[in-house]
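>>> Turn this into a structure:
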Amino acid sequence: MIAVSALARLGARILGLLAALGRFAAFTVHALSHALRPPFHGREIALSLLQIGWLSLPVVGLTAIFTGGALALQIYAGGNRFGAEEVVPQIVAIGMVRELGPVLVGLMIAARVTSSIAAEIATMKVTEQIDALVTLSTDPMKYLVLPRLLAATVSVPLLVAVGDVIGILGGWFVSTQTLGFVSTPYLRNTINFLEPLDIVSSLTKGAAFGVLSALMGCWFGLNSGRGAMGVGRATKSAVVAAAVAILAANMALTEAFFSR
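Now for the predicted structure:
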């Protein structure tokens, strides 16, 4: 009986998870379909671009420059064991552009932007502001979800590009100032080693991570519980779900771009 009860609880949890995934998939399709149809709230889109893109630059820049510097130190220390320390510029470049740049920017966006979106929309739901929008014949999907989705889709790839460059410069600075590398050959090796596919994969990951971050924030915000506890739970769940989705999407996209 105990085993049957445990299996029943497990089955109920799995069914609940599948049902939630189905609802999220329907929400995603519904949100993306609105991207092709007017009206578009230009002011909300501009504010979202400011919040998601411009105001995220400091944390993205700091994260990237420290990561690039630490990556250069680690590669030099590891390569020094085998007499291969000259590969530092190439590995820093490919590591930042292919993986660390997009993933770290995505996780920073999940921490900063997804949490903000979920908390804002959940608070609007708790205070019945979303009901007021419906009363005023304003579609919450158009007014709340679409501007954030469009802004994240445009902003995050740009943030990834900036993060890639700053991360490479962080590795260059540490390598030339601490590890004895010469600046011009270091930069030449970096440029020559990168391929167009590396850059395309990085920007594609950025766009995918932006979509996931915005969707998770909007979904959990719109489906939050009542009261302060509901807002807090929605915010926490949105950040966790966005981070896991970003890591899973990163693996899938890496497989798609570089498996051959």
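
>>> my guess is Leu253 contacts Lys205, does it?
Yes. Judged on CB atoms under 8 Å, Leu253 makes contact with Lys205 at a distance of 5.4 Å. No exception for glycine: its C-beta is placed from N, CA and C like everyone else's.

>>> So for these two, which sits in the more crowded spot?
The residue with more neighbours, out of Leu253 and Lys205, is Lys205; 27 against 17, by other CB atoms under 10 Å.

>>> check which helix or strand covers the more buried one.
According to DSSP states H and E, Lys205 maps onto helix 196-222.

>>> Then Arg23?
Using DSSP H and E, Arg23 sits in helix 2-34.

>>> which other residues reach the helix or strand following that helix?
Where DSSP H and E defines the elements, the next helix or strand beyond helix 2-34 is helix 42-52. By CB atoms under 8 Å, 6 or more residues apart in numbering, the residues outside helix 42-52 that reach it are 109, 113, 116, 143-144, 146-148, 150-152, 154-156, 210, 214.

>>> swap the cut-off to 10 Å and go again
Applying CB atoms under 10 Å, 6 or more residues apart in numbering, the external contacts of helix 42-52 come out as 41, 55-56, 109, 112-114, 116-117, 120, 142-144, 146-156, 158-159, 210, 213-214.

>>> so what does the helix holding Arg23 touch, helix or strand wise?
The helices and strands touching helix 2-34, judged by 3 or more CB pairs under 10 Å, 6 or more residues apart in numbering; DSSP states H and E, are helix 146-177, helix 196-222.

>>> Next secondary structure after the longest one?
Next along the chain after helix 146-177, taking DSSP H and E as the criterion, comes helix 183-193.

>>> By mean pLDDT, flag the weakest helix or strand of this protein.
Lowest mean confidence among the helices and strands of the chain (mean pLDDT, DSSP states H and E): helix 2-34, at a mean of 79.

>>> Next, the buried residues of that one.
Using 16 or more other CB atoms under 10 Å as the test for burial, helix 2-34 gives Phe24, Phe27, Thr28, Ala31, His34.

>>> Over to stretch 166-173?
Neighbour-count burial for stretch 166-173 flags Ile166, Gly167, Ile168, Leu169, Gly170, Gly171, Trp172 (criterion: 16+ other CB under 10 Å).

>>> Okay, angle between whichever strand or helix holds Met108 and helix 42-52 too, please.
In this assignment (DSSP H and E), Met108 forms part of helix 101-109. Angular relation of helix 101-109 and helix 42-52 on a 0 to 180 degree scale: 110 degrees, by axes from the mean of the first three to the mean of the last three CA atoms, to 10 degrees.
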